[in-house]
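Participant: Got a predicted model here, sequence first, then my questions.
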Amino acid sequence: MDEEYDVIVLGTGLKECILSGLLSVDGLKVLHMDRNDYYGGESTSLNLIQLWKKFRGSDKPPAHLGSSRDYNVDMVPKFIMANGALVRVLIHTDVTKYLYFKAVDGSFVYNKGKVHKVPATDMEALKSPLMGIFEKRRARKFFIYVQDYNENDPKTHEGMDLTRVTTKELIAKYGLDDNTIDFIGHALALHRDDRYLHEPALDTVKRMKLYAESLARFQGGSPYIYPLYGLGELPQAFARLSAVYGGTYMLNKPECKVEFDEEGKVCGVTSEGETAKCKKVVCDPSYLPNKVRKVGKVARAICIMSHPIPNTNESHSVQVIIPQKQLGRRSDMYLFCCSYSHNVAPKGKFIAFVSTEAESDQPEIELKAGIDLLGPVDEIFYDVYDRFEPVNEPSLDNCFISNSYDATTHFESTVIDVLNMYSMITGKVLDLNVDLSAASAAEE
Amino acid sequence: MRHFCFRIPTTTIHLLRLLADTKSLFQKPTDDLLDMATTGPSNLNAKLVLLGDMGAGKSSLVLRFVKGQFLEFQESTIGAAFFSQTLAVNDATVKFEIWDTAGQERYHSLAPMYYRGAAAAIIVYDITNMDSFTRAKKWVQELQKQGNPNMVTALAGNKADLEEKRNVTTEEARVYAEENSLFFMETSAKAATNVNDIFHEIAKRLPRGQQPTQNPSGMVLVDRPTQGPRASATCCS
């Protein structure tokens, strides 16, 4: 390890592994280390024994739950938007060939005490019990406007400049009621709070289009896909990309102390008495705790169940969004469920997550409304983790630190962070113009 | 016409394999999909992983098998660690997806995904290097821990052309292989000795009538030019 590298990457979370892969492909000499003896860092998937060690302080999970290695329990549960940025990165890097995906069965929204399918198109809006008959027609018109909207074609803009008109003003034009706005904003545009109402409408319109186009891609019940064996496969696949292009991998490296020169610039990383020299360090917040600040925390419950989430059409993989207003909260709550159909649990078992941006220190109480929707559970684990963001100036110290994973249900914000970091590290912009219009060979 | 259409019953699990290799799209994947969907006994897809020490000749074996080439000073694997090659065995064809370690074996950081769904493994050592044989045994143990139990495993004593520098006897390796239910061959990627044979032997031993790898049936997600008009979001709800 006594060599000089262009970049040393610390932590094998998804963000770090994507960056490691991109940098190695660019021809940089990369050393990638992790203090853990497994890949994935905060975004790993744990087997049953690892799960018990983390939350129960024991390595003896009950036998009736089945074999430990049949479990892949995500530590940061998210789905992949079928037309989203992560799929673009997967195709751009050709990492797709290491992974198998399945569509996610269902996408639902909680409204007035009930769980409903999310209507994503004008046709679905007409069928949805979420709205009354007149509201449906108004919503249909709005959906058609969004579907037809083309940023580069002013004819589709109906005289509105969406970079200036707020979402609230746009929606007001269609006369939609608050209830409709709530599910459009939170379950379709996937906003986490209500700030979007006062921001330019373009972002919301683009998010709705992404949802609808992702949904149309596989004609399944949701706009999402998810890898077999859990999200922990993603960092491993990008790590493989990095290794294939010459990246060196070392797991189980204690300490990983980042060294600085007298000017405060990074100059190497020390582990087990050996120092590897480098020009830049890329890492997650846990490796440079003095250069990050806490910006929030995520509360979550992880449940092992023997049935799908009730009222979701027996979906074996599903997302349910509970918009903040429905529970009188400031941020949305999410249910996320996967099962043996994605090889994350043994036959007959389901893994469900309830998560939200924490507003208290009592996840049991805070998450109760979501947990109540799950029905009986075999096991439940509660957890609260802090979210950090970097406060350093990378141009001064050459340290590039990722943000902690947020509570969103998909990877769009994750990839935005990665792309920004990539640009800061290399001074280049990654061109993700891959052809997404071609969906599936089996579809037609 | 190799572009098939078939409908998947809604109850069927949808498997999406993201592929970006444009060339193969119109040929292999669609075919394979149908094979998988119909579970044809005459065509198999099999993931094969290579294990063994750095310098034992893993990449050279693959290069010889897939491209018929040998490079005297093969660099450590860079840029390509994924090959596929189709073999005809008796009345069947076997398409190997061959995974090389990409150097991740060096500091024991091979990811679990490497072993996932592997139907076969070749553990490679260098007959001139006793250490590499000792570590091959460690790889056998690792495979027993991580791999699927029905995996077809071969032990390859590579560099058999360097007889004068031999440090591992054929007998010792043969006995070890027998004790551990591996099949054993000495190979030379340089002289092209037993290279095709070892892959053929694996192909013959693969269990028939079932896909040893991933879940069956589903859809393939690809990056390719659009063919014909596509349904818009409006009309396919």
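Facilitator: Thanks, I have the structure now.
Participant: how near is A:Ser331 to A:Arg195?
Facilitator: Distance of A:Ser331 to A:Arg195, computed by Cβ to Cβ, to the nearest Å: 11 Å. From N, CA and C alone the C-beta is placed, and that goes for glycine too.
Participant: For the residue lying farthest from the centre of chain A, identify the helix or strand it belongs to.
Facilitator: The C-alpha centroid of chain A is most remote from A:Glu262, which lies 38.4 Å away (Cα atoms, centre = their mean). Assessed by DSSP states H and E, A:Glu262 sits outside every helix and strand.
Participant: Then A:Ile321?
Facilitator: strand A:318-322.
Participant: Mind listing the strands that strand pairs with, and their directions?
Facilitator: Strand A:318-322 has its sheet partners listed here by DSSP bridges as strand A:106-111 (parallel), strand A:333-339 (antiparallel).
Participant: Please report the confidence value the model assigns to the residue in chain A positioned nearest to chain B.
Facilitator: Per Cβ to the nearest Cβ, A:Thr96 is where chain A lies closest to chain B, at 3.2 Å. Per-residue confidence at A:Thr96 stands at 86 (pLDDT).
Participant: I'd like the average pLDDT over whatever helix or strand B:Leu155 lives in.
Facilitator: Secondary-structure assignment from DSSP H and E places B:Leu155 in strand B:152-158. Strand B:152-158 carries an average pLDDT of 96.
Participant: can I get the CA coordinates of the helix ranked longest in chain B in PDB?
Facilitator: The helix that spans the most residues within chain B, counting by DSSP state H, is helix B:130-146. Taking C-alpha atoms only, helix B:130-146 is exported to PDB below (Å, rounded to 0.1, in the frame of the first residue of the first chain):
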ATOM      1  CA  MET B 130       3.500 -24.400  -4.200                       C
ATOM      2  CA  ASP B 131       2.000 -21.300  -2.500                       C
ATOM      3  CA  SER B 132      -0.500 -20.900  -5.200                       C
ATOM      4  CA  PHE B 133      -1.600 -24.500  -4.700                       C
ATOM      5  CA  THR B 134      -1.900 -23.900  -0.900                       C
ATOM      6  CA  ARG B 135      -4.000 -20.900  -1.600                       C
ATOM      7  CA  ALA B 136      -6.100 -22.700  -4.200                       C
ATOM      8  CA  LYS B 137      -7.200 -24.900  -1.300                       C
ATOM      9  CA  LYS B 138      -8.300 -21.800   0.600                       C
ATOM     10  CA  TRP B 139     -10.400 -20.800  -2.400                       C
ATOM     11  CA  VAL B 140     -12.000 -24.200  -2.400                       C
ATOM     12  CA  GLN B 141     -13.100 -23.600   1.200                       C
ATOM     13  CA  GLU B 142     -14.300 -20.100   0.400                       C
ATOM     14  CA  LEU B 143     -16.300 -21.500  -2.400                       C
ATOM     15  CA  GLN B 144     -17.900 -24.100  -0.200                       C
ATOM     16  CA  LYS B 145     -18.900 -21.200   2.100                       C
ATOM     17  CA  GLN B 146     -20.100 -18.700  -0.400                       C
END
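Participant: Point out the other helices and strands that it packs with.
Facilitator: strand B:43-52, helix B:112-115, strand B:118-126, strand B:152-158, helix B:170-179 (3 or more Cβ pairs under 8 Å, 6 or more residues apart in numbering or on different chains; DSSP states H and E).
Participant: Break down chain B into its strands, ranges please.
Facilitator: Along chain B, counting by DSSP state E, strands occupy B:16-19, B:43-52, B:82-89, B:92-99, B:118-126, B:152-158, B:183-186, B:219-222.
Participant: Of these, which is nearest chain A?
Facilitator: strand B:16-19 (3.2 Å).
Participant: list the helices and strands the helix or strand bottoming out on mean pLDDT in chain A packs on?
Facilitator: The helix or strand of chain A with the lowest confidence, counting by mean pLDDT, DSSP states H and E, is helix A:122-127 at a mean of 82. The contact analysis (3+ Cβ pairs under 8 Å, 6+ apart) places helix A:122-127 against helix A:133-148.
Participant: packing partners for the helix it packs on?
Facilitator: Judged by 3+ Cβ pairs under 8 Å, 6+ apart, helix A:133-148 is in contact with helix A:122-127, helix A:178-183, helix A:201-218.
Participant: Adjacent strands (with direction) for the helix or strand just after the longest one?
Facilitator: Pointing back at helix A:201-218 there. Scanning forward in sequence from helix A:201-218 by DSSP H and E, the next helix or strand is strand A:224-227. Strand pairing for strand A:224-227, using DSSP bridges, gives strand A:80-81 (antiparallel), strand A:101-103 (antiparallel).
Participant: JSON lines for these, including mean pLDDT and mean neighbour count?
Facilitator: JSON lines is the format used below for the strands paired with strand A:224-227 (pLDDT from 0 to 100; neighbours: other Cβ atoms under 10 Å in any protein chain shown):
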{"stretch": "strand A:80-81", "mean pLDDT": "94", "mean neighbour count": "26"}
{"stretch": "strand A:101-103", "mean pLDDT": "90", "mean neighbour count": "26"}
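Participant: so who does A:Gly268 touch?
Facilitator: When contacts are counted by Cβ atoms under 8 Å, 6 or more residues apart in numbering or on different chains, A:Gly268 touches A:8, A:258-259, A:275-278.
Participant: Among these, which ones are in strands?
Facilitator: Those of these lying in strands (DSSP E): A:8, A:258-259, A:275-278.
Participant: Would you enumerate the residues in contact with A:Ala212?
Facilitator: Residues near A:Ala212 by Cβ under 8 Å, 6+ apart: A:120-121, A:146-147, A:188, A:223, B:233.
Participant: ok, so of those residues, who is nearest A:Ile380?
Facilitator: Taking Cβ to Cβ as the measure, A:Ile380 sits nearest to A:Pro223 out of the contacts of A:Ala212, at 28.3 Å.
Participant: wait, that closest one sits on A:Val87?
Facilitator: No. When contacts are counted by Cβ atoms under 8 Å, A:Pro223 is not listed as touching A:Val87 (11.0 Å).
Participant: Now for the two: what residues contact both?
Facilitator: A:Met81.
Participant: of these two, who's got more company?
Facilitator: Neighbour count, other Cβ atoms under 10 Å in any protein chain shown: between A:Pro223 and A:Val87, A:Pro223 has more, with 29 against 25.
Participant: From A:His32, how far out is the more buried one?
Facilitator: Separation of A:Pro223 from A:His32 (Cβ to Cβ): 32 Å.
Participant: what do you get for A:Asp203?
Facilitator: Distance of A:Asp203 to A:His32, given as Cβ to Cβ: 34 Å.
Participant: ok, back up a step: with distance to B:Ala154 and pLDDT as added columns, please give the contacts of A:Ala212 in TSV.
Facilitator: Output for the contacts of A:Ala212, formatted as TSV (distance: Cβ to Cβ, whole Å; pLDDT from 0 to 100):
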residue	distance to B:Ala154	pLDDT
A:Ala120	50	78
A:Thr121	53	79
A:Val146	57	94
A:Gln147	55	91
A:Leu188	53	91
A:Pro223	44	92
B:Ala233	50	31
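Participant: of those residues, closest to B:Arg208?
Facilitator: For the contacts of A:Ala212, the minimum distance to B:Arg208 (Cβ to Cβ) is 38.9 Å, reached by A:Pro223.
Participant: so what's that closest one up against?
Facilitator: A:Pro223 touches A:81-83, A:107, A:120, A:210-215, A:217, counting by Cβ under 8 Å, 6+ apart.
Participant: List buried members of these by neighbour count.
Facilitator: A:81-83, A:107, A:120, A:210-215, A:217 (16 or more other Cβ atoms under 10 Å in any protein chain shown).
Participant: just the ones in strands among the contacts of A:Gly268 that are near chain B?
Facilitator: Near chain B, taking Cβ under 8 Å from any Cβ of the partner chain as the test, no member of the ones in strands among the contacts of A:Gly268 is found.
Participant: circling back to that earlier point, between A:Ser331 and A:Arg195, point out the one with more neighbours.
Facilitator: Comparing A:Ser331 with A:Arg195 by neighbour count (other Cβ under 10 Å), the higher total belongs to A:Ser331, at 19 against 10.
Participant: How about the more buried one: what's its closest non-neighbour residue?
Facilitator: Distances taken as Cβ to Cβ, 6 or more residues apart in numbering or on different chains place A:Glu357 nearest to A:Ser331, at 4.1 Å, with adjacent residues excluded.
Participant: If anything else comes up later, I'll come back, but that's it for now.
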